[in-house]
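Student: Show me how the following folds:
(one chain, ligands or ions: 2)
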Amino acid sequence: MESAACRRRASDAEQSSRWTYIATAECELVIVKEEPEGGQCGVSEAAVAEGLYAGHEVKDEVVIGPELTQQQGVVFSMQNTVHRLEEGTCRSKPEGSADVAPDSTHTCPGDGPRYNRSPEQQHGLTSCFVRLERLPVGDLHRGKPCSSMQANPSASALQGSRDQGQRLSSNMSTLPAGDQQNTVRRLEEGTCRSKPEGSADAAPDCTHTCPEDGPRYNRSPEQQHGLRSCFVRLERLPVGDLHRGKLCISMQANPSASALQGSRDQGQRLSSNMPTLPESDQQSAVDKTEVDPCQLQPAGGAGAAPECTHTRPGEGPRCNMSHDQQFQLRSCSVRLERVLMEDLPRCDTCLVIFHLTVCDKSVERINQWNSEKLPIYEPGLDDVVKRCRGRNLFFSTDIAKSIQEADLIFISVNTPTKTIGNGKGRAADLKYIEGAARMIADLATSNKIVVEKSTVPVKAAEIIMKILRANTKPGVNYQILSNPEFLAEGTAIVDLVEAERVLIGGEDTPDGQKAVQELCWVYEHWIPAKNILTTNTWSSELSKLAANAFLAQRISSINSLSAVCEATGADVSEVARAVGRDSRIGPKFLEASIGFGGSCFQKDILNLIYLCECLNLPEVAAYWQQVVSLNDYQKTRFTRKVIESLFNTVSDKKIAILGFSFKKNTGDTRESPAIHVCKTLLDEGAKLHIYDPKVEKDQMLYELTHPYVTSEPESVRKNMEIHSSAYSAVTGAHAIVLCTEWDEFKELDFKKIYEVMMKPAYLFDGRKILDHDALLEIGFHVQTIGKRLLKGVFYIVNDNVKCRKVVQLSEHKDIGLDGL
Ligand SMILES: NC(=O)c1ccc[n+]([C@@H]2O[C@H](COP(=O)([O-])OP(=O)(O)OC[C@H]3O[C@@H](n4cnc5c(N)ncnc54)[C@H](O)[C@@H]3O)[C@@H](O)[C@H]2O)c1
Ligand SMILES: O=c1ccn([C@@H]2O[C@H](COP(=O)(O)OP(=O)(O)O[C@H]3O[C@H](CO)[C@@H](O)[C@H](O)[C@H]3O)[C@@H](O)[C@H]2O)c(=O)[nH]1
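Tutor: Numbers count the residues shown, from 1 in each chain. Ligands and ions are numbered 1, 2, ... in the order given. This is a model prediction of the structure:
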């Protein structure tokens with residue numbers, strides 16, 4: 001497929017002409033008007049006239065020359081900004097503007113008159129849409145050319161420039177877009193290895209920590225200060241922010257050249273009213289200002305402006321503001337932000353700039369999302385919700401309103417395995433997807449991009465498409481995209497913020513590709529463009545199922561080998577390490593366990609199997625079926641080992657279960673292998689004492705008394721006890737069965753535990769996380785996955801030499817000193 005940058009240009013070019021920014025090699029930015037039908041892939045006549053493009057010439061008013069390269073990507077990333085401008089502009093009346101524009105072609109929704117603006121006024125406005133943003137985390141370590149950072153645009157260079165934002169990024173433009181962020185890192189960490197003008201020679205006392213060789217140069221604080229501006233990056237504002245009409249008042253002001261003169265740190269200058277706030281609050285300040293800029297009564301401001309012509313409803317009086325005050329407000333509304341190095345790894349900005357409303361038809365869930373105790377446990381999630389809820393993140397059951405207001409709608413509803421009817425036990429139940437699509441069709445009143453986020457069988461987007469397009473209202477168009485989610489529970493935030501890849505599939509039509517680019521643009525706020533893959537819709541849907549199938553297949557493969565290890569004396573961890581060292585195989589997802597769990601793997605492979613059966617591909621279906629069957633075998637094999645080791649009966653024995661969630665760092669119990677273990681032991685008459693750091697009591701009861709698990713829920717309730725600590729769960733137990741790899745289990749005092757258990761004390765480590773030698777030494781009988789453990793007995797040979805005699809632990813007999 002052609003590059004995203006090029007496609008974006010091409011799709012932009014299909015629309016009417018618009019403004020764009022072009023950077024010159026001399027670190028100047030010029031605004032030119034782009035004439036798509038004349039230019040090739042975005043080069044305009046004006047740009048050629050400016051001498052910006054070697055090899056391009058104008059013939060008969062048509063630009064002839066080579067296709068633009070990726071280098072211009074950043075330039076194009078600003079186009080939407082500008083585009084918006086022209087599209088909606090503000091409804092405030094700019095000074096000196098004509099009255100209500102009779103010929104206004106503005107398409108911004110909502111009421112109120114619009115005003116003609118002279119090109120100059122529009123130019124002034126463009127700077128409003130510019131936003132300085134800190135740079136995404138992922139790209140920081142590459143150490144690309146420093147030379148572009150030397151330039152510290154002088155005050156005079158800024159004079160007369162109305163669009164300071166552009167100025168600031170002026171020296172970036174000579175680098176390919178993708179590399180500009182790397183530049184930034186160099187700056188602060190090591191500074192540059194290029195010799196800045198007027199600097200001392202290689203710094204003897206250089207304390208720079210930047211790795212790699214080459215001399216470094218001292219920079220005066222001034223030079224360093226100057227460099228700071230390099231951290232600033234221009235970005236267009238997100239779609240969601242643009243229709244709200246919040247920015248109007250603050251956009252009138254166009255700070256004068258003199259206001260800029262003498263400022264070395266334009267970034268700060270632009271956000272001049274921010275530094276007085278604690279840094280962490282600067283963004284909220286921006287929001288607050290946006291919420292109601294017009295009603296601010298600035299210190300020293302005149303009273304309500306009598307001639308105020310703002311027409312937005314529901315607003316109080318507006319205040320006259322001095323030029324300076326306006327300048328301050330302006331920078332607020334525009335959200336010019338200083339780039340703070342310490343912010344970089346956190347990616348707050350990307351959470352702040354989009355307005356998200358999460359809707360669920362479950363009132364209970366939404367209430368939980370709006371409460372202090374969120375409905376799920378996920379590391380880091382509380383912080384994110386706390387920071388964003390009520391600002392740009394909202395949880396609501398008002399689905400109608402949310403659908404009507406949104407530009408993009410993500411369908412993220414559940415897609416469980418069917419439990420009845422055709423395809424029962426394998427096919428995905430798409431009733432929730434269908435329900436969501438019908439709701440959108442009923443409620444939408446404007447164009448929507450509908451994004452299929454749920455994991456679905458191939459061709460599910462067609463169902464959504466059919467429903468939406470069969471119910472389309474006049475003036476409402478839909479584009480349907482597939483954008484599967486690859487995050488894993490327990491690491492969800494990191495997986496989202498630093499996604500290795502984002503996959504977007506769309507229709508291969510101009511409108512489809514335009515929608516794809518809109519979504520790409522959203523992700524590009526924090527994901528490097530090279531990590532965003534675009535495909536057709538069906539490839540995207542299938543890739544999600546395939547990814548999960550591959551991951552699960554690796555686990556089943558290593559689990560199958562764990563059985564071989566136990567039978568032969570090989571150690572599955574060593575085998576996994578050796579095999580995973582082959583870069584073609586890789587080390588991840590080779591951890592043998594009691595079997596994979598979670599709401600996705602089994603469901604999605606079954607889904608794939610069903611698809612293969614429907615496509616009359618029985619051999620392929622059988623291949624993937626084996627991954628699930630092996631997983632069942634592994635769970636059964638482990639539980640059987642527990643029972644056999646305990647003299648083949650667990651009836652009335654007290655068994656402590658450590659861990660109930662399907663993996664560590666989540667409270668999710670869906671398809672947890674612990675359920676299988678517990679069910680089997682309960683069926684055998686055991687008394688279970690369960691502890692999990694994050695799973696609630698009710699959730700365990702729900703899972704173990706579910707009709708799929710037992711026909712005697714009362715008996716289950718009687719035979720299980722849920723504990724709030726591992727120590728209380730193990731007291732008096734015959735055996736411990738560790739089902740989840742929670743880190744805290746590694747820290748337990750097993751000597752203490754051994755003391756309070758029945759003897760012989762058995763421990764079954766289903767996750768291979770404990771120190772088995774130490775446990776054996778304490779006296780435990782230990783069994784684990786993929787390794788035959790030897791019971792060792794130490795005895796004193798002389799004063800300080802310890803010798804260990806090993807005895808195989810296969811015969812279920814307690815081995816004391818007499819047995820040696
Ligand atoms: N959980 C994960 O880690 C994960 C990761 C990747 C992909 N996925 C996929 O994402 C989808 C959702 O997974 P989940 O774990 O969040 O499921 P979930 O069951 O926890 O949540 C789905 C929510 O959708 C709500 N819902 C259903 N129909 C609705 C409608 N018409 N309107 C509003 N709300 C509706 C339900 O009330 C429920 O709260 C699934 O397809 C899953 O395969 C999940
Ligand atoms: O080497 C391994 C890795 C995992 N597991 C187990 O496999 C299950 C699934 O783990 P993981 O994949 O880490 O968690 P999920 O949240 O289920 O995430 C999977 O399922 C999601 C939903 O589709 C996808 O988005 C993710 O990419 C995919 O990893 C858990 O029981 C793990 O204990 C192992 O037994 N051995």
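
Student: and the stretch 651-800 of the chain, which of its residues are near ligand 2?
Tutor: 662-663 (Cβ under 6 Å from any ligand atom). For every residue, glycine as well, the C-beta is placed using N, CA and C.

Student: closest point of the stretch 651-800 of the chain to ligand 2, which residue?
Tutor: Nearest residue of the stretch 651-800 of the chain to ligand 2, counting by Cβ to the nearest ligand atom: Lys663, 3.8 Å away.

Student: so how far is Ser557 from that residue?
Tutor: 18 Å (Cβ to Cβ, to the nearest Å).

Student: higher neighbour count, these two?
Tutor: Taking other Cβ atoms under 10 Å, Lys663 and Ser557 do not tie; Lys663 has more neighbours (21 against 17).

Student: ok, the closest residue to the more buried one other than its chain neighbours - contacts?
Tutor: Leaving aside its sequence neighbours, Lys663 sits nearest to Gly490 (Cβ to Cβ, 6 or more residues apart in numbering; 5.8 Å). Residues in contact with Gly490 (Cβ atoms under 8 Å, 6 or more residues apart in numbering) are 378-379, 663-666.

Student: Now pLDDT, secondary structure and distance to Thr740 too, for the residues you listed, in JSON lines please.
Tutor: As requested, the contacts of Gly490 are exported to JSON lines (pLDDT from 0 to 100; DSSP: H, G, I helix; E, B strand; the rest coil; distance: Cβ to Cβ, whole Å):
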{"residue": "Glu378", "pLDDT": "96", "secondary structure": "coil", "distance to Thr740": "15"}
{"residue": "Pro379", "pLDDT": "96", "secondary structure": "coil", "distance to Thr740": "15"}
{"residue": "Lys663", "pLDDT": "98", "secondary structure": "coil", "distance to Thr740": "7"}
{"residue": "Lys664", "pLDDT": "98", "secondary structure": "coil", "distance to Thr740": "6"}
{"residue": "Asn665", "pLDDT": "98", "secondary structure": "coil", "distance to Thr740": "10"}
{"residue": "Thr666", "pLDDT": "98", "secondary structure": "coil", "distance to Thr740": "9"}
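
Student: Most neighbours of all those residues, which one?
Tutor: Counting by other Cβ under 10 Å, top hit in those: Thr666 with 23 neighbours.

Student: Let me know the distance separating that residue from Phe589.
Tutor: 17 Å.

Student: Next one: the residue nearest to Lys663 from Pro379, what distance?
Tutor: From Gly490 to Pro379 the distance is 7 Å (Cβ to Cβ).

Student: can you check Tyr691 too?
Tutor: 20 Å.

Student: Also Ile769?
Tutor: From Ile769 to Pro379 the distance is 18 Å (Cβ to Cβ).

Student: cool, and Leu590?
Tutor: Following Cβ to Cβ, the distance that separates Leu590 from Pro379 is 23 Å.

Student: again, but for Ser725
Tutor: In terms of Cβ to Cβ, Ser725 sits 21 Å off from Pro379.

Student: And Ala622, by the same measure?
Tutor: Where Pro379 is concerned, Ala622 sits at a distance of 39 Å (Cβ to Cβ).

Student: and if you look at Leu545?
Tutor: Distance from Leu545 to Pro379, by Cβ to Cβ: 27 Å.

Student: same thing with Lys588?
Tutor: 19 Å.

Student: ditto for Glu485
Tutor: Taking Cβ to Cβ, one finds Glu485 at 17 Å from Pro379.

Student: Tell me which stretches of the stretch 551-700 of the chain form strands.
Tutor: Remark: strands assigned in the stretch 551-700 of the chain by DSSP state E, counting those that start in this stretch are 654-658, 687-691.

Student: Counting residues, which helix of this protein comes out longest?
Tutor: Counting residues, the longest helix found in the chain (DSSP state H) is helix 537-568.

Student: related to what we said a few turns ago, what is in contact with Gly490 and Pro379 at once?
Tutor: In contact with both Gly490 and Pro379: Asn665, using Cβ under 8 Å, 6+ apart.

Student: ok, Arg389 - contacts?
Tutor: 370, 395.

Student: so Thr784 makes contact with Asp765?
Tutor: Yes: applying Cβ atoms under 8 Å, one finds Thr784 in contact with Asp765, separated by 4.3 Å.

Student: Overlap in contacts, these two.
Tutor: With Cβ under 8 Å, 6+ apart, Thr784 and Asp765 have common neighbours His772.

Student: how deep is the residue lying closest to Asn548 once chain neighbours are set aside tucked in, by neighbour count?
Tutor: Once flanking residues are discounted, Asn548 sits nearest to Asp604: 4.2 Å by Cβ to Cβ, 6+ apart. By the criterion of other Cβ under 10 Å, Asp604 has 26 neighbours.

Student: Mind telling me what element the residue of the stretch 701-820 of the chain at minimum distance from ligand 1 is part of?
Tutor: Nearest residue of the stretch 701-820 of the chain to ligand 1, counting by Cβ to the nearest ligand atom: Tyr702, 13.8 Å away. Using DSSP states H and E, the element containing Tyr702 is helix 697-704.

Student: Any idea how many residues pack against the residue nearest to Gly685 when sequence neighbours are not counted?
Tutor: The shortest distance from Gly685 to any non-neighbouring residue, by Cβ to Cβ, 6+ apart, is to Ser651 (3.5 Å). Ser651 has 9 neighbouring residues, counting by other Cβ under 10 Å.
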